[in-house]
Every structure is written in C-alpha cells, then in structure tokens.
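**Q** model this:
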Amino acid sequence: MIQHRLGWHEKRLGDIITLRYGKGLPKRKRRPGPYPVYGSSGVIGFHDEALVAGPGIIVGRKGSIGTIHYEDRDFFPIDTVFYAELKDSH
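**A** You can find the predicted model right below:
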C-alpha cells in the first residue's frame, strides 16, 4: 500500500517498481573501491564504481533465487540479481 496525504491506497507492486537486471562484473575486473558488489547471496566484493544509486532493494535471480537484500549506499548489482527501480508515477 502507498500512503497519500488522505490515507493509504492499494497498489500492485508492478505499478510502483520495475525489476532491472544487474550487470556482469567478473571478479578479475573489479577494482578496489567503496561500493558493495551484490550477488544473489549478498555482498560478494567491492568495486570503484556503482551501477545504482542507493538506497536500493536487490533480489536474487540465480543461485539463491528470491533472496532479498537492502542497501543504503550506492551499489553494483551483478547479473545474478535484479534490483528494484521506482517508477516515476507511484
């Protein structure tokens, strides 16, 4: 449900977010940095670039399918996960 000034309204999750694919980033291509790299099981390393501005929700799509992680900071989701992106009109 989404809270509006006058109360709560029921919405489908698909009306609020889009699940986007992460991007391939093999371990050999990661460069030391402050941004967590997320795989299906959670943080699997760090990189010097973020793919997504935090905060964000990460959902496992391979291996640990359906696992959910929340990240406050900017992060890099790899291709074994989806990440949630808010739609403009929610």
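
**Q** What residues are bridge-paired with the nearest residue to residue 75 once chain neighbours are set aside?
**A** Computed as Cβ to Cβ, 6 or more residues apart in numbering, the closest residue to residue 75 that is not its neighbour in sequence is residue 36, at 5.0 Å. Where C-beta positions appear, they are placed from N, C-alpha and C, glycine not excepted. Counting by DSSP bridges, residue 36 forms beta bridges with residue 46.

**Q** Quick check, pLDDT for residue 36.
**A** pLDDT for residue 36: 98.

**Q** what's the distance between it and residue 47?
**A** Using Cβ to Cβ, to the nearest Å, residue 36 is found at 8 Å from residue 47.

**Q** overlap in contacts of those two?
**A** Listed contacts common to residue 36 and residue 47 are residue 76; contacts here mean Cβ atoms under 8 Å, 6 or more residues apart in numbering.

**Q** Neighbour count for these two, which is higher?
**A** residue 36 (22 against 19; other Cβ atoms under 10 Å).

**Q** residues contacting the more buried one?
**A** Residue 36 neighbours (Cβ under 8 Å, 6+ apart): 43, 45-46, 71, 73, 75-76.
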